[in-house]
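# the following comprises the amino acid sequence and a computationally predicted model.
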Amino acid sequence: MQINAEKTKLMTNSTNGFSTDIRVNGEKLDCVNRFKYLGAIIADEGSKPEILARIAQATAALAKLKTIWNDRNIALS
């Protein structure tokens, strides 16, 4: 198996910081605070960014439907 250091990121859940460099093939891995995995936001601050992103997606979807709900030419039946 080959690991591509350019595509690989590092995230820790340590509260006091992480100061050790991890290297792959001599290249230092980038340390990130959040990333997207299978469409979900994984963040070191918990689930708040994921919840806010889902609320924004729902709000956008409802805004697109508002014109249909307000259309008087569509019969309820």
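Structure's in. What do you need? Numbers count the residues shown, from 1 in each chain.
# now do stretch 22-29, average pLDDT.
Averaging the model's pLDDT scores along stretch 22-29 yields 85.
# what's that stretch in contact with?
Outside stretch 22-29, the residues that touch it by CB atoms under 8 Å, 6 or more residues apart in numbering are 3, 5-6, 8-10, 21. Just so you know, the C-beta spots here come from the backbone N, C-alpha and C atoms, and that holds for glycine as well.
# again, 6 Å this time
Under the criterion CB atoms under 6 Å, 6 or more residues apart in numbering, residues 3, 5, 8, 10, 21 lie in contact with stretch 22-29.
# can you check stretch 52-62 too?
Taking CB under 6 Å, 6+ apart as the rule, stretch 52-62 contacts I41.
# roughly how far is it from the heart of the chain?
Chain-centre distance of stretch 52-62: 14 Å, with CA atoms, centre = their mean, to the nearest Å.
# also stretch 59-70?
Centroid separation for stretch 59-70 versus its chain: 24 Å, with CA atoms, centre = their mean.
# could we number from 30 for the rest of this?
Okay, residue one is now 30; in that scheme the one you just asked about reads as stretch 88-99.
# SS state for the most centrally placed residue in the chain?
Per CA atoms, centre = their mean, the C-alpha nearest to the average position across the chain is that of I70, at 2.6 Å. Following DSSP: H, G, I helix; E, B strand; the rest coil, we place I70 in the strand state.
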